[in-house]
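1. build me a model from this:
(chains A, B, C and D)
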Number of protein chains: 2
Amino acid sequence: MLKVSKLSDYATVLMVRLAAEPQRVQSAAELAEAARLEPPTVAKVLKLLATAGLVDSFRGAAGGYRLALPVAQISIVQIIEAIEGPIGMTECSRREGQCSHESHCDVRAPWQRISGAVVQSLSQIRLADMLAETPARPPPSDIAIQIHA
Amino acid sequence: MLKVSKLSDYATVLMVRLAAEPQRVQSAAELAEAARLEPPTVAKVLKLLATAGLVDSFRGAAGGYRLALPVAQISIVQIIEAIEGPIGMTECSRREGQCSHESHCDVRAPWQRISGAVVQSLSQIRLADMLAETPARPPPSDIAIQIHA
DNA sequence: GCTAATCAGTACAATACCGGTCCTGATTGA
DNA sequence: TCAATCAGGACCGGTATTGTACTGATTAGC
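-> Numbers count the residues shown, from 1 in each chain, chains lettered A, B, ... in the order given. As a prediction, this is how the structure comes out:
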């Protein structure tokens, strides 16, 4: 149904929580309680975000996580790709040799263009935008997406 | 990884084949051979497309399928939704009551807006666009996509 | 140092979904 | 009537996702 995984969804929730207090280090357990998610799941998501460089992790007592970048510089597409890997609408959109039909496929080029369009539209939405919307504030403007090259 | 299902991919392939000869009725077996897909799979996809009203089906001997609409009026999003159901980036983007976190979720409104943006971008790409791109079988353009493991 | 808190990494079970197949019945042209 | 073809299910195996558990490494504070 063309949806992101639950883990990606959780990741955005956690990122919004971190963004609410950008300079404070919050532990995984603390974030889990605030978001009402299972601690092990939260730990897994945060680890992926840390690997992608979106959050900084601090070990040891009083350790935890903190945003690694300003909220205006983190886009949705970075969060999704941190959790799920590179976005591609079809297998062949991401790398070659994954599809046995590649040599006689009529729709590969269009799909690659479509993937690019989706990525572009997602990259325009930043963490700051989500944060601004969260207090049930009415979404001010629609997001205009240009597709045709 | 935010991708469409293989069945949706197949659906676009079949739609492009049908679009190449819009007035001719082509049987499922014929389309399967042309697209080098398994006949039962093709039959399943065509049935879904027929249910969605994107193709007309004709039973009996010399029966088969034909586009139900002009190529300029069929968008990618219609094809995807015919196969996978309504598009929504998260469960709660499509209908309520699907997520136990709904009452205390911070990111529901943003996700709904994001889903809308993706749908809008996909709706701008029509079958005619895909068809126009296909004859130009892209020579080995090096679309190297970096995978961060 | 010692201890407790916390992250890092791996492994693993349960579940759900997807892809693919098959079967039976209904419809239609020859 | 007969053969070709679609319609509508049921069905199964494989894989990804989800969630959990365990062990080890690192750090702050006493």
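2. if I look at the residue most central in space within chain A, how far off is DNA strand C?
-> Centroid check for chain A by CA atoms, centre = their mean gives A:I79 as the closest residue, at 1.9 Å. In this view, A:I79 and DNA strand C are 16 Å apart by CB to the nearest atom of the strand, to the nearest Å. C-betas here are computed from N, CA, C, even on glycine.
3. what do you get for A:M130?
-> Taking CB to the nearest atom of the strand, one finds A:M130 at 22 Å from DNA strand C.
4. shouldn't the residue nearest to the centre of chain A be in contact with A:L14?
-> No - checked against CB atoms under 8 Å, the pair A:I79 and A:L14 is beyond contact range at 9.3 Å.
5. which elements pack onto the helix or strand that contains A:Y10?
-> Per DSSP states H and E, A:Y10 falls inside helix A:6-20. Secondary-structure packing of helix A:6-20 (3 or more CB pairs under 8 Å, 6 or more residues apart in numbering or on different chains; DSSP states H and E): helix A:28-35, helix A:39-51, strand A:64-67, helix A:76-84, helix A:127-133, helix B:108-123.
6. how about those, which one is nearest A:A109?
-> helix B:108-123 (16.4 Å; CB to CB).
7. near chain A at all, that closest one?
-> Yes - shown here: helix B:108-123 in contact with chain A (CB under 8 Å from any CB of the partner chain) through B:109-111, B:113-114, B:116-118, B:120-122.
8. buried subset of these?
-> B:109-111, B:113-114, B:116-118, B:120-122 (16 or more other CB atoms under 10 Å in any protein chain shown).
9. and those as TSV, adding pLDDT and distance to B:A43?
-> What follows is these, written out as TSV (pLDDT from 0 to 100; distance: CB to CB, whole Å):
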residue	pLDDT	distance to B:A43
B:A109	88	41
B:P110	89	40
B:W111	90	35
B:R113	88	38
B:I114	89	35
B:G116	89	33
B:A117	89	34
B:V118	90	29
B:Q120	89	32
B:S121	89	31
B:L122	91	26
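10. which two in those residues are spaced the farthest apart?
-> B:A109 and B:L122 (20.9 Å).
11. who are the contact partners of the residue lying farthest from the centre of chain A?
-> Largest separation from the mean C-alpha position in chain A: A:H104, at 33.6 Å (CA atoms, centre = their mean). Residues touching A:H104, when contacts are defined by CB atoms under 8 Å, 6 or more residues apart in numbering or on different chains, comprise B:R36.
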